[in-house]
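A.B. asks: Mind looking at a prediction? Sequence and model below.
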Amino acid sequence: MATSIPLARVRNIGIMAHIDAGKTTTTERILYYTGRSHKLGEVHDGDAVMDWMEQEQERGITISSAATTCTWKEHKINIIDTPGHVDFTIEVERCLRVLDGAVAVFCAVGGVEPQSETVWRQADHYGIPRIAFVNKMDRVGADFQRCLEMMTDRLGANPLAMQLPVGVEDLFRGVIDLIDEKMMVFDEESRGMVVLEEQIPEAYREASAAARMTLVEKLADFDEGVMEKYLDEVPLTAEELRQAVRRATLHLDLVPVFCGSAFKNKGVQPLLDAVVDFLPSPLDVPPVVGVNSEGESESRKTSEQEKFCALAFKIAADPFVGNLAYVRVYSGVLKAGAKIYNPGKRKTEKIGRIVRMHANKREEIQEVTAGDIAAVVGLRFSTTGDTLCATGDSIRLETMEFPEPVISIAIEPKGKADEEKLFDSLDKIALEDPSFHVTTDGETGQTIISGMGELHLEIIVDRLLREFKVGANVGNPQVAYKEAIEKQVRVEGVFEHPVVGKAQYGHVWLEITPLKRGDGIVFENCIAAGAIPKEYLPAIEKAARDSLDGGALIGFPVMDVRVSLVDGSYHEEESSEQAFGVATAMAMRKGLAEADPVLLEPIMELEVVLPEQFMGEVVGDLNGKRARILGMESRERAMQVIKAHVPLAEMFGYSTDLRSVTQGRANYTMRFVSYDRVPDRKAKQIVQKVKGLI
């Protein structure tokens, strides 16, 4: 049964922010005020609806993005609550890929924090219109104006204050709506359910008039209609201003900013009004563009009449129904029981059931239409980022890129009985989480699991033990080192050998060149026409790329290299793909050893917030960890912020070190920024350790 709410009244939004800014609390209040929940779930009590995993409830943080649907003023809002911790950035990335709009939550005390910048850049990448909610206005040190300034300075955003707070810290009691020029007070006895509208207090009238004038002036810069009336000194109606704000938001010119305290039940209803008024419906989003099997560009409008096209943006293992695939439908209609096509895997899939998700609860529906988000049961081959389309169609949408893991640990089953269970469980987790990798060490035969940080791997191990009931022994965390080269070399590879009684011949000349950090791996065919037949070139490229999986120093992957095929020869009778593959591998092994190989390590961007009196100890400790201090800045109430780049290898257990140095009064955030060369002395120690020489 198709939804009775027209597409123009549908909103697909994400709630995103830095850890502890109050995303999940804000989402809980939205569910309460829209009637989706009948009790207020609290993160600190471990009963938040959206944080349903045991690990989330124990730690009070969001780990996995959770989806739900609610209605507000005859609009349907599909909401995805995303994690704030940097180790789970991938969850934000894949949700933003399919959402039309976002609510960015900022802490009124911390302002724009490191992970706020990360998710903001991700939203910029996908061109997603945003509104901002400055939360925790009741907290000591809350400063609405400072948050607006930080949005401009740190995010390069153009914030538009839509409200003024009435009172701050423990005196915060409501907000002034600058468009309707009224004060809104949230009744505490009804837990904010009753919103009282009052006249703007005398003490705030001057500030309110000035803020409204600023709002109109900013809008005039982007809207000709507002500009004309502003210059002619003709008053603008509230509805005209609302329409102008909507247009500027959809064009990414401005970010409307609201304020409140979700925990104290203040300011959430105006935020819901803003979602409806200013964020796009699926009809406001340009048609989705993909590529067909001929390599030609194709687009699909948001319409039920178009051919079916959707993107699977998240796979989750569900203990009751098997794999659940969250899908965003861009065009057409998907019905339960239908057969669809996955052009990336070249497989036909059958939809068993379609469900509407409310955190970890499911409501079965018969169909999902263009512009909507739901979860489907029954996909056997599809993974995160796969396009799903109508049978006979071949459109493929742009897929998602996932970051490389930076930290690894060895894991092994406790007994024979756990062996199969462990590998099955790891496969399920890897299917769910594209930033989690499982590999086998070629020399030791150990199973290595890799992820985005200590917490990421800690959660995965915890899930293995508790959710999947696997007995496992876990090693200490290891850094995911890489290798690079510093010198260009030209090398020859010749394979001339009988295999199973038949002579084999392959001969290549390769040029291996170092590239700048971040340039990746490039393979070039620079050979003269006819020197090596075209049918052998794919085997040569594959062997060259495979050889870069293990470098000459200690077998870590090699990055930022160009491999050029510059010459070679073949025999009409004796050459084969296998022979050219072996010849290439021989040349690569020799070349990588001769090209001055160096060891690279992941470098993290660190931000420490701490009381001023501990600055000396913390900076001294960081200097001992090979950190490069980038800068320091003051925050309110004698707090300081230290920014630094520091090798990940030095940061294991840093939370314990920092607590002991600052009496538990500091906190830090860390995110991966780049790979950089390990100093020679340190690299020598690592090489000797890996080779078992020390």
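C.D. replies: Sure thing, it's come through.
A.B. asks: shaky segments in the stretch 51-200 of the chain?
C.D. replies: 51-66, 83-89 (pLDDT under 70).
A.B. asks: Now with 50, please.
C.D. replies: 51-53, 55-57, 59-63 (pLDDT under 50).
A.B. asks: where along it do the strands fall?
C.D. replies: 66-72, 75-81, 101-107, 130-135, 159-161, 163-166, 174-177, 182-186, 195-198 (DSSP state E, counting those that start in this stretch).
A.B. asks: from what I can see residue 677 touches residue 602, true?
C.D. replies: No - Residue 677 is beyond contact range of residue 602, at 11.9 Å (criterion: C-beta atoms under 8 Å). Placement of C-beta: from N, CA and C, glycine included.
A.B. asks: what's the spacing between residue 568 and residue 505?
C.D. replies: 11 Å (C-beta to C-beta, to the nearest Å).
A.B. asks: And residue 128, by the same measure?
C.D. replies: Distance check for residue 128 against residue 505: by C-beta to C-beta, it reads 55 Å.
A.B. asks: Between the two, which has more neighbouring residues?
C.D. replies: Neighbour comparison, residue 128 and residue 505: the larger count goes to residue 128, with 23 against 19 (by other C-beta atoms under 10 Å).
A.B. asks: gap between the more buried one and residue 671?
C.D. replies: Note on residue 128: its distance to residue 671, by C-beta to C-beta, is 20 Å.
A.B. asks: Over to residue 95?
C.D. replies: As defined by C-beta to C-beta, residue 95 lies at a distance of 18 Å from residue 671.
A.B. asks: Neighbour count for those two, which is higher?
C.D. replies: Each of residue 95 and residue 671 has its neighbours counted (other C-beta under 10 Å); residue 95 has more, 28 against 19.
A.B. asks: Helices of the stretch 351-500 of the chain, start to end?
C.D. replies: 416-432, 454-466 (DSSP state H, counting those that start in this stretch).
A.B. asks: JSON lines please, covering these and showing mean neighbour count, distance to residue 519 and mean pLDDT.
C.D. replies: Formatted as JSON lines, the helices of the stretch 351-500 of the chain follow (neighbours: other C-beta atoms under 10 Å; distance: least, C-beta to C-beta, whole Å; pLDDT from 0 to 100):
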{"stretch": "helix 416-432", "mean neighbour count": "16", "distance to residue 519": "28", "mean pLDDT": "86"}
{"stretch": "helix 454-466", "mean neighbour count": "19", "distance to residue 519": "27", "mean pLDDT": "82"}
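A.B. asks: Throw those helices into JSON lines and include distance to residue 448, thanks.
C.D. replies: Formatted as JSON lines, these follow (distance: least, C-beta to C-beta, whole Å):
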{"stretch": "helix 416-432", "distance to residue 448": "11"}
{"stretch": "helix 454-466", "distance to residue 448": "11"}
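A.B. asks: Out of the ones you listed, which gets nearest to residue 580?
C.D. replies: Nearest of the helices of the stretch 351-500 of the chain to residue 580, taken as C-beta to C-beta: helix 416-432 at 32.6 Å.
A.B. asks: so what does the closest one touch, helix or strand wise?
C.D. replies: strand 309-318, strand 407-413, strand 437-440, strand 447-451, helix 454-466 (3 or more C-beta pairs under 8 Å, 6 or more residues apart in numbering; DSSP states H and E).
A.B. asks: who wins for proximity to residue 181 among these?
C.D. replies: Per C-beta to C-beta, nearest to residue 181 of the helices and strands packed on helix 416-432: strand 309-318, 41.2 Å.
A.B. asks: what packs against that closest one?
C.D. replies: Applying 3+ C-beta pairs under 8 Å, 6+ apart, one finds that strand 309-318 contacts helix 89-96, strand 322-331, strand 387-390, helix 416-432.
A.B. asks: Okay, buried residues for that strand please.
C.D. replies: 309-317 (16 or more other C-beta atoms under 10 Å).
A.B. asks: next one: stretch 161-174
C.D. replies: Buried residues in stretch 161-174, counting neighbours by 16+ other C-beta under 10 Å, are found at 161-166, 168, 172-174.
A.B. asks: Just the terminal-to-terminal distance for it.
C.D. replies: Between the opening and closing residues of stretch 161-174 lies a distance of 15 Å (C-alpha to C-alpha, to the nearest Å).
A.B. asks: try stretch 643-660
C.D. replies: Span of stretch 643-660 from end to end, C-alpha to C-alpha: 20 Å.
A.B. asks: can you list the residues that contact it?
C.D. replies: Contact partners of stretch 643-660, identified using C-beta atoms under 8 Å, 6 or more residues apart in numbering, comprise 406-407, 454, 477, 479, 601-608, 610, 618, 621-622, 625-633, 666-668, 670, 672-673, 676, 678.
A.B. asks: Can you give the distance of stretch 167-177 from its chain's centre?
C.D. replies: The chain centroid and the centroid of stretch 167-177 are separated by 33 Å under C-alpha atoms, centre = their mean, to the nearest Å.
A.B. asks: so which of the helices and strands packed on helix 416-432 gets nearest residue 367?
C.D. replies: Among those, the nearest to residue 367 by C-beta to C-beta is strand 309-318 (12.2 Å).
A.B. asks: who does that closest one pair up with?
C.D. replies: Next to strand 309-318 in the sheet, as set by DSSP bridges, lie strand 322-331 (antiparallel), strand 387-390 (antiparallel).
A.B. asks: now those in a markdown table, with distance to residue 543, mean pLDDT and mean neighbour count?
C.D. replies: Listed next are the strands paired with strand 309-318 as a markdown table, based on distance: least, C-beta to C-beta, whole Å; pLDDT from 0 to 100; neighbours: other C-beta atoms under 10 Å:
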| stretch | distance to residue 543 | mean pLDDT | mean neighbour count |
| --- | --- | --- | --- |
| strand 322-331 | 35 | 87 | 23 |
| strand 387-390 | 30 | 92 | 24 |
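A.B. asks: Surely residue 522 touches residue 559?
C.D. replies: No - when contacts are counted by C-beta under 8 Å, residue 522 is not listed as touching residue 559 (11.3 Å).
A.B. asks: who's more crowded, these two?
C.D. replies: residue 559 (20 against 12).
A.B. asks: quick one, helices of the stretch 551-694 of the chain?
C.D. replies: 577-594, 615-623, 654-662, 680-690.
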